[in-house]
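Chemist: here's my sequence, what's the structure:
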Amino acid sequence: MLLAAIPSPTQGVWHLGPVPIRAYAFCIIGGILVAAWLTERRYAHRGGQPGVVGRIATWGVPFGIVGARLYHVATSWQPYFGPGGNPVKALYIWEGGMGVWGAIAFGALGAWIGARRAGVALPPLADAAAPGILLAQGIGRLGNWFNNEVYGRATDLPWALTIHRWDQSEGRAVLGPDGEPVVLGTFHPAFLYELLWTFAAAAVLIWADRRFRLGHGRAFGLYVVLYTLGRLWIEALRIDDANTILGLRLNIWTSLLVGLTAAALTVWSARRHPGREELKTPSLA
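Modeler: Numbers count the residues shown, from 1 in each chain. A predicted model of the protein is given here:
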């Protein structure tokens with residue numbers, strides 16, 4: 001008998017007059033703010049110019065959000081462009097559906113543009129940002145909790161997650177004839193597993209960066225390796241609809257490819273550029 005379960009919210013959207021207040025958006029914004037704050041501190045500690053992170057974020061964040069949505073739509077295209085799909089809903093970012101790989105790829109492109117305009121090198125900036133990105137990903141996963149999404153197989157473990165039948169367009173649980181939210185069952189809280197994994201990985205990354213003085217993009221490379229290791233087993237638990245290749249979810253294959261590539265590039269960087277680059281803050285005199 002199930003003795004305990006993690007409750008899920010029955011509402012993810014509130015209205016302040018005509019303005020919808022979405023928990024999903026607040027979680028993403030909160031994660032971005034934490035990442036920017038930590039990155040600024042770490043970049044300054046490495047000798048970077050104060051204020052640069054904020055200027056580069058104005059490029060990296062919008063690019064990352066657009067990339068996250070594009071990846072989701074491209075890899076889960078059926079609801080938008082398949083039979084009976086609605087292409088306009090591809091723009092409904094507030095209903096959920098963000099792909100971390102698109103966020104990383106496009107966010108890096110935006111950061112590169114911002115770094116070029118600011119006249120600074122991207123690798124040390126990426127190294128400074130890596131733990132903050134992990135924290136942002138974990139905080140963002142709380143939005144999935146509010147939306148009753150990103151859960152795994154059914155389970156009766158004490159930390160099982162209660163999931164309701166959800167109306168995405170309304171941002172709330174579907175009510176049954178008795179007026180109570182319809183419960184689908186209890187499932188593995190995949191969103192929580194990823195949140196805990198990213199927070200733990202951020203702590204490991206901060207320790208490793210201090211202990212081994214990671215530089216030339218190696219802290220960022222380690223971030224990718226640690227994240228993909230967790231994403232592999234967490235993705236294998238999920239039961240939501242996803243496109244597959246050879247029986248495995250597409251995101252599992254992406255994690256394998258990205259993780260192995262990051263590991264190889266990190267080793268190559270260590271051999272080619274040992275140690276950490278030293279940054280000098282320009283004189284204001």
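Chemist: identify the residue nearest residue 79 in space, chain neighbours excluded?
Modeler: The shortest distance from residue 79 to any residue other than its chain neighbours is 5.3 Å, reached at residue 85 (Cβ to Cβ, 6 or more residues apart in numbering). Quick note: C-beta positions are derived from backbone N, CA and C, even for glycine.
Chemist: I misspoke; the intended subject was residue 217.
Modeler: residue 123 (3.9 Å).
Chemist: distance of the one you found from residue 103?
Modeler: 19 Å (Cβ to Cβ, to the nearest Å).
Chemist: hmm, residue 75 and residue 68 touching each other?
Modeler: No - shown here, residue 68 and residue 75 do not form a contact pair, counting by Cβ atoms under 8 Å, at 11.3 Å.
Chemist: so for these two, which sits in the more crowded spot?
Modeler: In this view residue 68 and residue 75 are compared by other Cβ atoms under 10 Å, and residue 68 has more residues nearby, 24 against 16.
Chemist: for the host helix or strand of the more buried one, the averaged confidence score.
Modeler: Secondary structure assignment for residue 68, by DSSP states H and E: helix 52-75. Across helix 52-75, pLDDT averages out at 94.
Chemist: what do you get for stretch 227-239?
Modeler: pLDDT averaged over stretch 227-239 gives 96.
Chemist: try stretch 94-109
Modeler: Stretch 94-109 comes out at a mean pLDDT of 87.
Chemist: now that stretch: buried residues?
Modeler: Using 16 or more other Cβ atoms under 10 Å as the test for burial, stretch 94-109 gives 94-108.
Chemist: can you give me the strands in the stretch 101-250 of the chain?
Modeler: 161-164, 166-167, 172-173, 183-187, 244-245, 248-249 (DSSP state E, counting those that start in this stretch).
Chemist: packing partners of the third one?
Modeler: I take that to be strand 172-173. If contacts are counted by 3 or more Cβ pairs under 8 Å, 6 or more residues apart in numbering; DSSP states H and E, strand 172-173 sits against strand 166-167.
Chemist: the strand it packs on - contacts with which helices or strands?
Modeler: Using 3+ Cβ pairs under 8 Å, 6+ apart: strand 166-167 touches strand 172-173.
Chemist: so where's the stretch 151-285 of the chain shaky on pLDDT?
Modeler: Counting by pLDDT under 70, the stretch 151-285 of the chain shows low-confidence ranges at 280-285.
Chemist: so residue 106 touches residue 67, yeah?
Modeler: Yes - Residue 106 lies in contact with residue 67 (Cβ under 8 Å); the separation is 2.4 Å.
Chemist: in the protein, which spans are helices?
Modeler: Taking DSSP state H as the test, the helices found in the chain are 23-45, 52-75, 78-81, 100-118, 122-146, 190-212, 218-237, 250-272.
Chemist: make CSV out of those helices and add distance to residue 181.
Modeler: Putting the helices of the chain into CSV (distance: least, Cβ to Cβ, whole Å) gives the following:
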stretch, distance to residue 181
helix 23-45, 16
helix 52-75, 26
helix 78-81, 23
helix 100-118, 29
helix 122-146, 14
helix 190-212, 18
helix 218-237, 24
helix 250-272, 29
